[in-house]
Each structure stands twice: as structure tokens, then as C-alpha cells.
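Engineer: whatever this is, show me its structure:
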Amino acid sequence: MMANLFSSFDPSTNWSTSLNWLSTMIGIIVIPSTFWFIPSRFNILWTKIIMTLHKEFKTLIGPKTKGSTIMFISLFSLIMYNNFLGLFPYIFTSTSHMVMTLTLALPLWLSFMLFGWINNTIHMFAHLVPQGTPPILMPFMVCIETISNVIRPGTLAIRLSANMIAGHLLMTLLGNTGTIMSTYMINILLVVQILLLMLESAVAIIQSYVFAVLSTLYSSEVN
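Structural biologist: Just a heads-up that it's a prediction; the model follows:
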């Protein structure tokens, strides 16, 4: 039995250092080996996904910035890989922790802000006042736009971690009730758990896509 409901998200282990975070690095060891194999259906599918993402991110960023789609595709791949990895039993979900999500969101946001304010200062000031704002509301709009801009890395990080935690907690809650259920109810519980697992698989893809797309939109605003 777990000591509490959130113990499944506890990164601590019996070792002197936490080994659960190594699950984030498994892809670095496993994925490069696929490049030495004969192209399979998986390689062809992944190449098609990458090309589709490249075209979409290129449309969002615009023609000015070249080569930055590689960064956002890598970000999408990293988050989606870790989201899926957390669905396996006894594997730590690193994307459910703010340490991981803020590490991804904060440097991106800081780099966008520094680039925008250093190279496109007038353009960044123009973003603080939306077009068509009445003069009397301009000071309030500047405050609102500044606050919404500052909290962007937090919203990116919280959105990803909260969605990962919510699904895992629901599956944990339902799984813990299985020991006190009848045989008939356990069959229903298994069906519900399978449906939840399918939902979590969709959430793993959607949240990684949302994180990458929002990061792309934030970068397009500073050009």
C-alpha cells in the first residue's frame, strides 16, 4: 500500500541519489540506435510526423527565422516520449514535476524575451497595447499584457504537469479500490482502466503538441 496518494510521484529512492530521473535519459540511449537499422514502418511513420510538424511550425514562425523548427520538434519529441514512458508500471513520470516542466519552459521564454527586447524593442512595446484600444484603457492594458506575458512559462509548466498528474491520480484511485470489489465490479473496473489508459495516451500526445505549439507562437511574437 502507498503511504499517501501522491507517493507515486515521489522521485526519492532508497539509493543515495534519485535514480528515477534517469527515465528521462533512456531515450538518448535507445533512440539513436534506430538510425543504424534498415528503415521500418516506425521510421517512415515518425519521419512523416516530423515533416508534418515542420510544415506547421514553419507556418506559425514565419519565413524570417530559419532552422528553429528543429528545436520545437525536439521539444515535442522529448515531452511526448516522457509522457508515454510514465504510463508504464513502475516507471517514474518526470513530466509530472514542475522541476522538469519549468526547466523546459523558463529558458525558452527567457531567450524569446531577451531576443525580442534587444533586437525588436519597438515591436515588443507595440505588443503591450492591442490595436484599437481606447486611450483611457491603455495603462490598464499595459499592466494586463505585462502580467500575461510574465506568467507564460508558469502556465506552460503547470498545464503539462497538472494534466499528467490528474490522469495518473484517477487511475491510482480506481486501482486501489479493486481489492474491495466483487468479481463483477472488477471486470467493469478493468474496462474503465483500459479506457482511461487510452485517454491518457491521447493526453500524452496532445499536451506535448500544445506545449510545442504555444512555444512556437511565443517565439513568433518576438520577430
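Engineer: helices of the chain, residue ranges please.
Structural biologist: With helices called from DSSP state H, the chain shows them at 26-30, 41-61, 69-85, 98-119, 121-127, 138-150, 152-176, 183-221.
Engineer: contacts for the first one, please.
Structural biologist: When you say that, I think you mean helix 26-30. 78, 81-82, 85 (CB atoms under 8 Å, 6 or more residues apart in numbering). Yep, even glycine has a C-beta here, placed from its N, CA and C like the rest.
Engineer: picking that back up, right, and the helices of the chain - which one's nearest Ile91?
Structural biologist: Ile91 sits nearest to helix 69-85 of all the helices of the chain, at 5.5 Å, using CB to CB.
Engineer: helices and strands around that closest one, which ones?
Structural biologist: Counting contacts by 3 or more CB pairs under 8 Å, 6 or more residues apart in numbering; DSSP states H and E, helix 69-85 packs against helix 26-30, helix 41-61, helix 98-119, helix 183-221.
Engineer: report the angle between the axes of the last one and helix 69-85?
Structural biologist: Inter-element angle recorded for helix 183-221 and helix 69-85: 170 degrees (by axes from the mean of the first three to the mean of the last three CA atoms, to 10 degrees).
Engineer: how about the third one?
Structural biologist: With the same axes, to 10 degrees applied, the angle from helix 98-119 to helix 69-85 works out at 170 degrees.
Engineer: report the angle between helix 98-119 and helix 152-176.
Structural biologist: Here helix 98-119 points in a direction 160 degrees away from that of helix 152-176 (the same axes, to 10 degrees).
Engineer: show me where the chain dips below the pLDDT cut-off.
Structural biologist: 1-19, 30-37, 63-65 (pLDDT under 70).
Engineer: around Thr95, count how many other residues there are.
Structural biologist: Residues near Thr95, counting by other CB atoms under 10 Å, number 27.
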